[in-house]
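Novice: Got a sequence here, can you model it:
(3 chains)
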Amino acid sequence: MSAPHIVTIRELSKVYRQGEINVVALNNISLDIAQGEFLTLMGPSGSGKSTLLHIIAGIDRPTKGVCRVQDIDLTKLDESGLADWRNQNVGFVFQTFNLIPVLTAFENIELPLLLTRLSAKRRREQVNTALELVGLAERQKHLPRQLSGGQEQRVAIARALVTDPKLIVADEPTGNLDSNSAQEVLGILQMLSRQIGKTVIMVTHDPKAAAFGSRSIHLEKGELTN
Amino acid sequence: MALPLRYSFRNVLIRWRSTFATVLGIALVVFVFVLLQSLAAGIEKSSGNTGDPRNILIVRKGSTAESASLISRGNLREIQYFEEIARNERGEPVISADVLVLVNLPRSDGSGEANVLLRGISARGVELRPQVRLVEGRWFTPGKREIVVSSRLAKRFANFGTGQSFKTGTATLTVVGWLDGGGSAFDSECWMDADECRSIFERDLYSSFLVRPASEAAGVKLLERIEADRRFKLKAEKEVEYYRRQTMTAAPIKWLGGFLAIMMSVGAVFAAMNTMYASIGARTREIGTLRVLGFRRRSVVLALLIEGALLALIGGVAGCAVAYLWNGYTTATMGFETFSEIVFEFTVTPRLMAEGLVFAVLVGLLGSFLPSVRASRLPVIAALKSV
Amino acid sequence: MTTVGFIARNALRNKRRFILSVSSVAVSLFLLVTLQVALRELTNPINDEGSTLRIIVRNKVSLAQPLPARQLPTIERIPGVAAVTPFSYYGGLYKGDEKFTSFAQFAVDPVRSFDLLSDAKVAPEQLKAWAADRTSAIVGRKTAERYGLKIGDRMQFTGQIYPCDLEFKVAGVYEGTADDRNVFFHQKYLDESLGDPGTVGTWWVKASSVEEATLITDRINKAFANTSAEVRAETERAFQLGFVSMWANIKILIGGISMVVVFALLLVTVSTMSMAIRERFRELAVLKAIGFRRRDLFAFILAESFGLATLGALLGAGGAWLLYGSIDMQQLSNGMFLMFEVTPQMLALAFSIAAVLGLLSAAAPMLGVARTSVVQGLKTLD
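Specialist: Okay, the predicted model is just below:
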C-alpha cells in the first residue's frame, strides 16, 4: 500500500547570480515524497540540499520546474499567498533554533497561531498540546536564554507543530546540539512521522542522524545521485 | 495579523543599553522645545490674563504700545464727561488718566541696570483694576512721592523694599507697598500718583485713559464715538483685547523654540535611525523567522515602527518631566513692547507636553521608518542565512 | 592598499551608518554655529572705527525721557568736546511696512552731525542739499537699495513714539559705516511737527581724542548734576553694552541651549560611533592575531572616529560658514540681522568639539580592544 504523494517535484532547477557568475544550485530535480515519510536529504556542502528544502517549504522559488505540495503548485502563489500557505502547511525547524529572544517558550510557540482566527482559549489549548508533545510543559514561561540548546530546539519543534501542518521541514536540526540532545530531538522527529503521520523532511550531513529517517536521498552539485 | 505589542515593547526594554544615548538625546530635544515654548506661553499667559473685561483702554491712534502713546489733557477734559462712562457713588467718572514712564534702575544683584515701567495713575486707577491687590504695606497717598512696586519686581531691583527709597531724575521715591498683579502684565509695573509722576518727569501729556463704561451697550457706543471723532486721533478698545495683542515678545521666542526643535530633531532622527539600524541589523535572522512563520512584511514594519515610537516616547516623557520641573519658575526679560523688564513664569501646559510627546513620537517614527522597511524587504532566505 | 585606504574602506563599509553619523555631527555643529552667530549678532554692538571717539548722553531717568534742548551750549563749551548734535530716535513706521520697520530714523542737526559720522561717505553736494532743506533726509545705502529709493523720492512715516507723522525728501545716500541702514533728518523738522517742545532725545558728542573720551563723560555728567535734567553720559560702546545687558536672560538662554545641543550631540554620536567600532571586534582580533600591535589598532580606531567627526565638522561648521557668507541675511530676515557671519573663533570651537567627540567615541572601543584577548575577540560572532 503506497501512501499518496504529498510532495511532487518535476524538473526543478534553481539558478542564482553571485556577483558575475551564474550558480546552479539545483539541476533538473524530479522527486516524489510520500505522506508520513521521514526523508533525509544528504550531501556535501554546496550540494543544493538546503535549497531544495527551502523550495519545498515555500521560502524560495525555483527558476524552472514544478513543485506541488498537497496538489498546490507553489510556483503559482504570490508572496502573501506563500506566507499564508506556510503558516498553515509547513513547520520549519532551524539549525540555529531561531526562537524570538524576548518571548517566552509559550509565546514563541503561540506565534504562528496569531495569524489564524482562533480565539485566545483555543490558541492556549493548542500550544499546551504542542508543549506536551515535546515534553516541555513546565518550562513554558521561560525565555530562550533560560533554556538549554536541546530544550530550545524542542520548543522550536513545538512551534513548528502548533498549526498542525502536514509537513515538517528541518534544516540540520541537530547541528548545534550535543549528542544527547541531538538524540532526543531526532527521536521526537521520528515519533512525529511514525506515530502522528507527519511528513518530515530533514537536511543533514550526519549519517547517524540520517539513520533515524525512513529514506535517504543524496545530492551532489545540484543533482540527485544514487 | 499583527505582531503582539509586547514584542515591540520588550525589544525596547531589552536593548536599553545601546539605545540609552538616543533616548537621552530625544529627551533633551523635547526638553528644550517644551521649555522654550513654556517661556512664550508664560509671557502670553501674563498678557492674556491682563485687564478687566469691562474696561476700555484709550490710546493715541497709531501707537503700538501704551508707553509710546501721548494724549493731551484737553482730550481728558472732554472725554471724562462723556455720558457713556460710568459714575461712582460720588458722581465722579470712573476713569483713570495714566502716565507711563520708563525708568532705568539698578538691579538688586549688581549686574547692571534695567528699565522699569512706572505707571502714574489717578484716584480711580486702583479700583479700575480689581485683579491687582496690595500684598504688603499700603497704597500711595496722592500728592506724595510714594510708589507701590510689584512684589515680583521687588526682588530684582535694588531699594524696592517697603520703606526704602530710590532716586530717579531729580526725585526720590519712597516705596510704601508691594502689589501683586495676579499673574498679569501688572506684575511688571510700579504705580504712583499720576500728577506727581507728571511733575517729576515733566510730562505734559498722558499715555492712556482707562475707562469703565456705564454698561455693555454704553461701552460699544463709546468705542464708536471715539473712533468716529476725527479731532481726537484716539484709538479705543477693550482693555483685555489690547493686552492680548501684545505678542511681540513671545513671538520670537516661540519661533526660536520651533526652529531649534526642528534642527535638533533632525539630529535626533539621525540618531534614532542609526540606533534602529543597529538594533534591527542584529535581528535579521529573527525577522526572517517571523516571515517564515507567515507574518507579512507590513506586520514586521509595523512592529518595528512601534518599537521606534516607543523608544522615542520614553525619551519624550523624560524630557517633558524634566521641563515640568521648571513650571512656575519666575524669570524676567526685556519686553519688546514696553522696553521694560517684564516678569513672568515658565508655564508648562498640558498642551505643550502633549506637543512634546507627539513630537518625540514623530522623531521615533521618522527614524525607524527606513530601517524597518529595509528589514522587511530582505528576502526570507537571506535573513535566515545571516550571522 | 595604504593604511589610510584601509581605514577609509572600513569606515565606508556600512555606508548608511557612515552617512548617518557624519550627518548628525554635521547637523548639530551647524546648529551650534548658527546659534552662536545669531547670539553675537543680537548682542554685540556694531563696531565702527569712529565709535571710540563718540559719546551718548541720555537722561539719567531712562533713555525714554527727553533732554532739554538748552543743554546744547553747555556741552559745547566742555573742554575736549569736538562736536555735539541732537540725536533723537524717531522710530516711525515706514509706509508700506506692515508691522515693524527694520531701519532706524534719527533727528539730528545736519551740519553738526556730519562731524560725528566720520566714516560715512556722502557726496558733498548731497550733504549741502540736505542741510539746506529742512524736510529732507539722507538715507543709508542698504535701505535705499532695499526700497529702490532715489534722490528726490519721498518717504512717509507714521509716528509710533512721537505723536506726529513725517514725510522726508531723499536728499542724499550715505555708505561706509557699520550700519548703512539708517535715515537721518532735521531735528528742527521734528520740533516743528511737535509744536516746539524744546527737547531732544539724546546728545551725540564727539571727543577730540580717545584719551579725552572718558574724561569728557565725567565732565558732562558733572555739568548737569543737580539740575532738573540730570544726564548719564557714556561712551558709545558702554551705551550699547548697557542695552545688551538688558538682554541678559536671552544670552543665558541661548548659551544654555548651545550647551544642551553640544551635550546631546556628544551623547548620540559617541554611542553610535562606538557601536560601529564594536561591531568589528572580530576583525580587530584577527588583525591582532596577524601581528598588528595594540597601538596600531588604537590608531585605526582613533583615525576612524576623528575622521568621522572632522568630516562632520567640515560639513556642519564649514557649511554654515559658506552658507552665511554667501546669502544676504539682511534681506532674508527683513532687516533684523545685519551681518550674520561666522567668526574664526566659532569655527575653532566647532572643530574642537568635533575633536573631543572623536576622542570620546573611540574611548570605549579602545578600552575593549585593550582588554580583550585575541581568542575572545575571534569568538565574538555578532
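
Novice: Now do the contacts for whatever residue of the stretch 251-382 of chain C ends up closest to chain B.
Specialist: Using Cβ to the nearest Cβ, the single residue of the stretch 251-382 of chain C nearest to chain B is C:Ser271, 3.4 Å away. Bear in mind the C-beta positions are built from the backbone N, C-alpha and C, glycine included. By Cβ atoms under 8 Å, 6 or more residues apart in numbering or on different chains, C:Ser271 lies in contact with B:18, B:20-22, C:361.

Novice: which of those residues are buried?
Specialist: B:18, B:21-22, C:361 (16 or more other Cβ atoms under 10 Å in any protein chain shown).

Novice: ok so the residue of the stretch 251-382 of chain C closest to chain B is a strand residue?
Specialist: No: C:Ser271: not assigned to a strand; according to DSSP: H, G, I helix; E, B strand; the rest coil it is helix.

Novice: gap between it and C:Ala317?
Specialist: Look at C:Ser271 and C:Ala317: by Cβ to Cβ, to the nearest Å, they are 22 Å apart.

Novice: about what we covered before: of all the buried ones among the contacts of C:Ser271, which comes closest to chain A?
Specialist: Closest to chain A, out of all of the buried ones among the contacts of C:Ser271 and judged by Cβ to the nearest Cβ, is B:Ser18, at 14.4 Å.

Novice: Go ahead and confirm that closest one touches B:Thr275.
Specialist: Yes: if you go by Cβ atoms under 8 Å, B:Ser18 and B:Thr275 touch, sitting 7.0 Å apart.

Novice: Which members of the buried ones among the contacts of C:Ser271 occur in helices, if any?
Specialist: B:18, B:21-22, C:361 (DSSP state H).

Novice: Kindly reformat those as TSV containing pLDDT.
Specialist: What follows is those, written out as TSV (pLDDT from 0 to 100):
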residue	pLDDT
B:Ser18	76
B:Ala21	80
B:Thr22	84
C:Ser361	81
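
Novice: Save those as CSV, and put in distance to A:Gly81 too.
Specialist: Shown next, in CSV, are those (distance: Cβ to Cβ, whole Å):
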residue, distance to A:Gly81
B:Ser18, 37
B:Ala21, 43
B:Thr22, 38
C:Ser361, 47
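
Novice: What is the nearest of these to A:Glu132?
Specialist: B:Ser18 (38.3 Å; Cβ to Cβ).

Novice: How about the contacts made by that closest one?
Specialist: Counting by Cβ under 8 Å, 6+ apart, B:Ser18 has contacts B:275, B:278-279, C:271, C:275.

Novice: can you dump the C-alpha coordinates of the helix or strand C:Leu241 falls within into CSV?
Specialist: Using DSSP states H and E, the element containing C:Leu241 is helix C:236-245. Below are the C-alpha coordinates for helix C:236-245, written out as CSV (Å, rounded to 0.1, in the frame of the first residue of the first chain):
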residue,chain,number,x,y,z
GLU,C,236,29.1,104.7,22.7
ARG,C,237,30.4,101.3,23.4
ALA,C,238,29.3,101.4,27.0
PHE,C,239,25.9,102.6,26.0
GLN,C,240,25.5,99.7,23.5
LEU,C,241,26.7,97.2,26.1
GLY,C,242,24.2,98.6,28.6
PHE,C,243,21.5,97.9,26.0
VAL,C,244,22.8,94.5,25.6
SER,C,245,22.8,93.7,29.4
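
Novice: For that helix, what is the distance to the chain centroid?
Specialist: 14 Å (Cα atoms, centre = their mean, to the nearest Å).

Novice: check whether that helix contacts chain B.
Specialist: Yes: Helix C:236-245 comes into contact with chain B (Cβ under 8 Å from any Cβ of the partner chain), by way of C:242, C:245.

Novice: Show the contacting residues for residue 164.
Specialist: Since no chain was named, I'll use chain A. With Cβ under 8 Å, 6+ apart, A:Asp164 has these contacts: A:Gln126.

Novice: try chain C instead
Specialist: C:190, C:193-194.

Novice: closest to chain A among those residues?
Specialist: Nearest to chain A among the contacts of C:Cys164, with distances taken as Cβ to the nearest Cβ, is C:Leu190, at 76.8 Å.

Novice: can you give me the strands in chain B?
Specialist: For chain B, the strands defined by DSSP state E cover B:56-60, B:95-106, B:113-121, B:133-137, B:146-150, B:165-168, B:171-180, B:189-193, B:208-211, B:234-238, B:330-334, B:341-345.
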